[in-house]
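Peer 1: quick one, what's the 3D model for this:
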Amino acid sequence: NSLNVNDKLIMNIYKQIGDDYAAKFEWNEAIKYYLKSKDYNNAAYAAYKIEDFQILSQIVRHVPSSSTLLKKIAKMFIVNGLTQQSAEALIKYGDVLSAIRNCVQYNDYRTAKELAIKHECTKEFDCLIRDRINSIQSTQTANEKDGINQNVLEVINVYVCIEEHLKAGKILISYIEKLKKCEHTKDDPFLFQKLYVLSAIEIDKHRKQLLLNKNDQQNNIEMLLESESERNRNHEDAGDVSMFGGECWHGAIAYHFYILVQQQIQNNEIDRNTLLLCRILGEFFDDILDEICIYSLHAFVSYKCKFFKDCSDAMTRLQFLCDHSNQKNDKQRYKQLAIAIFTRNDPINECDDNIKCQNVSGRDLNILHNVCMASGQYIENAHLNIQSFAVCNVCKYKTLKTFVAEYCPLCHSAF
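Peer 2: Numbering: from 1, shown residues only. Below is the predicted model:
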């Protein structure tokens with residue numbers, strides 16, 4: 001009994017010393033004595049004042065699960081955005097739903113889903129996510145920047161975080177179509193390239209989820225992924241692109257090659273690679289890009305490379321497109337330009353060994369997988385020269401090792 005009295009006396013002395021330091025706002029010293037006296041309530045307050053969250057986490061471990069101090073500490077964590085630590089305190093207290101709600105409120109959707117699955121609260125989690133998305137969408141028109149609706153991107157981010165990749169991909173695809181009709185964004189190839197890449201990655205993640213659910217053996221999963229990827233991207237009909245990533249990669253490559261051509265022209269680096277890209281754009285991507293833009297580039301590049309047959313074909317196509325869209329003035333200008341070019345040059349390709357350009361056929365989709373994503377250079381006999389290029393683990397397209405940097409030129413994933 002005397003020992004218990006002495007222990008209580010010592011604890012009381014420690015607490016009084018802690019109170020003395022707290023009165024002087026010397027919180028670091030106060031914490032030491034509050035912890036010695038096991039006065040966790042004041043110790044938590046002192047730790048919060050100096051933002052020592054490690055001490056707060058230690059207190060959570062020592063406090064019994066019935067203590068209301070856990071709820072107070074959870075609030076201290078959450079106002080500083082520490083959702084996981086707040087969740088740990090609330091779960092120890094037994095309030096799992098509040099832990100999940102806090103995570104959703106502070107945009108930590110991934111942690112919220114993990115907690116919901118672990119504690120079998122998926123129905124409540126789904127309701128919270130649905131309410132969160134409705135809240136974001138209700139203010140959709142009020143949050144726009146340069147024509148980009150930030151709230152749509154926030155909804156996409158919610159689905160990405162909770163691994164609802166198909167929903168995220170579908171929203172991205174529909175949003176791309178909407179942006180193409182918007183005056184502020186329809187001429188921004190960088191934006192569309194990024195959105196197409198993101199949608200393709202999300203759809204591919206969804207496909208991987210499906211395969212993971214069907215097969216638990218990792219080796220078989222990888223084989224299935226490879227075969228499915230090749231089947232979708234090397235389909236015999238160019239117009240029949242699978243919704244599972246094919247259409248999205250199709251758009252991503254279109255804008256990537258379009259940007260690459262523009263950059264090479266701007267840097268005065270027009271060569272057979274630029275011409276090959278123009279041929280590919282006209283053959284494969286006239287469903288994505290504006291045809292007049294494609295064939296204008298093709299005519300200009302082929303003229304610079306002295307591929308006058310290509311130039312003639314592009315000029316003829318431009319005049320047809322002007323007829324089709326009732327642009328009579330533009331057609332007349334193209335006609336006069338064609339006369340000026342072909343009165344001095346025969347419509348034949350004046351190529352030699354240094355400027356040969358790979359022929360492009362709409363039936364041969366393999367050519368897209370043998371073009372360097374950084375330079376536009378065609379990789380001849382790629383199956384024999386596998387050491388000359390790197391293949392991205394995400395998009396599966398090739399980049400010559402001469403041009404390999406830290407990230408893939410197409411999808412910006414790390415090599």
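Peer 1: relative to E88, how far out is the nearest residue to I31 once chain neighbours are set aside?
Peer 2: Sequence neighbours aside, A46 is the residue nearest to I31 in space, at 4.6 Å (criterion: C-beta to C-beta, 6 or more residues apart in numbering). Any C-beta I mention is one placed from the backbone N, CA and C, and that applies to glycine too. Using C-beta to C-beta, to the nearest Å, A46 is found at 20 Å from E88.
Peer 1: kindly report the same for G81.
Peer 2: The spacing between G81 and E88, counted by C-beta to C-beta, is 15 Å.
Peer 1: those two: which is more packed in?
Peer 2: Neighbours were counted for G81 and for E88 using other C-beta atoms under 10 Å; E88 has more, 20 against 11.
Peer 1: for A44, see how far away the more buried one is.
Peer 2: The span separating E88 from A44 equals 14 Å under the rule C-beta to C-beta.
Peer 1: same question, Q16
Peer 2: Separation of Q16 from A44 (C-beta to C-beta) stands at 18 Å.
Peer 1: with neighbour numbers in mind, choose between these two.
Peer 2: Looking at Q16 and A44 with other C-beta under 10 Å, you find the greater number of neighbours at A44, namely 23 against 11.
Peer 1: mind listing what the more buried one touches?
Peer 2: If you count contacts by C-beta atoms under 8 Å, 6 or more residues apart in numbering, A44 has them with L56, I59, L69, K72, I73, M76.
Peer 1: quick one: which of the residues you listed has the most company?
Peer 2: Of all the contacts of A44, the highest neighbour tally under other C-beta under 10 Å goes to I73, namely 30 neighbours.
Peer 1: which residues are in contact with that residue?
Peer 2: Counting by C-beta under 8 Å, 6+ apart, I73 makes contact with A44, L56, I59, V60, V63, A89.
Peer 1: and these as TSV, adding secondary structure?
Peer 2: Written out in TSV, the entries for those read as follows (DSSP: H, G, I helix; E, B strand; the rest coil):
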residue	secondary structure
A44	helix
L56	helix
I59	helix
V60	helix
V63	coil
A89	helix
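Peer 1: now render these as JSON lines, adding pLDDT and distance to N349.
Peer 2: Compiled in JSON lines, the contacts of I73 are given as follows (pLDDT from 0 to 100; distance: C-beta to C-beta, whole Å):
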{"residue": "A44", "pLDDT": "95", "distance to N349": "79"}
{"residue": "L56", "pLDDT": "95", "distance to N349": "74"}
{"residue": "I59", "pLDDT": "95", "distance to N349": "78"}
{"residue": "V60", "pLDDT": "95", "distance to N349": "75"}
{"residue": "V63", "pLDDT": "93", "distance to N349": "81"}
{"residue": "A89", "pLDDT": "96", "distance to N349": "73"}
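Peer 1: may I see those arranged in CSV, with distance to N213 as well?
Peer 2: Formatted as CSV, the contacts of I73 follow (distance: C-beta to C-beta, whole Å):
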residue, distance to N213
A44, 44
L56, 39
I59, 41
V60, 36
V63, 41
A89, 34
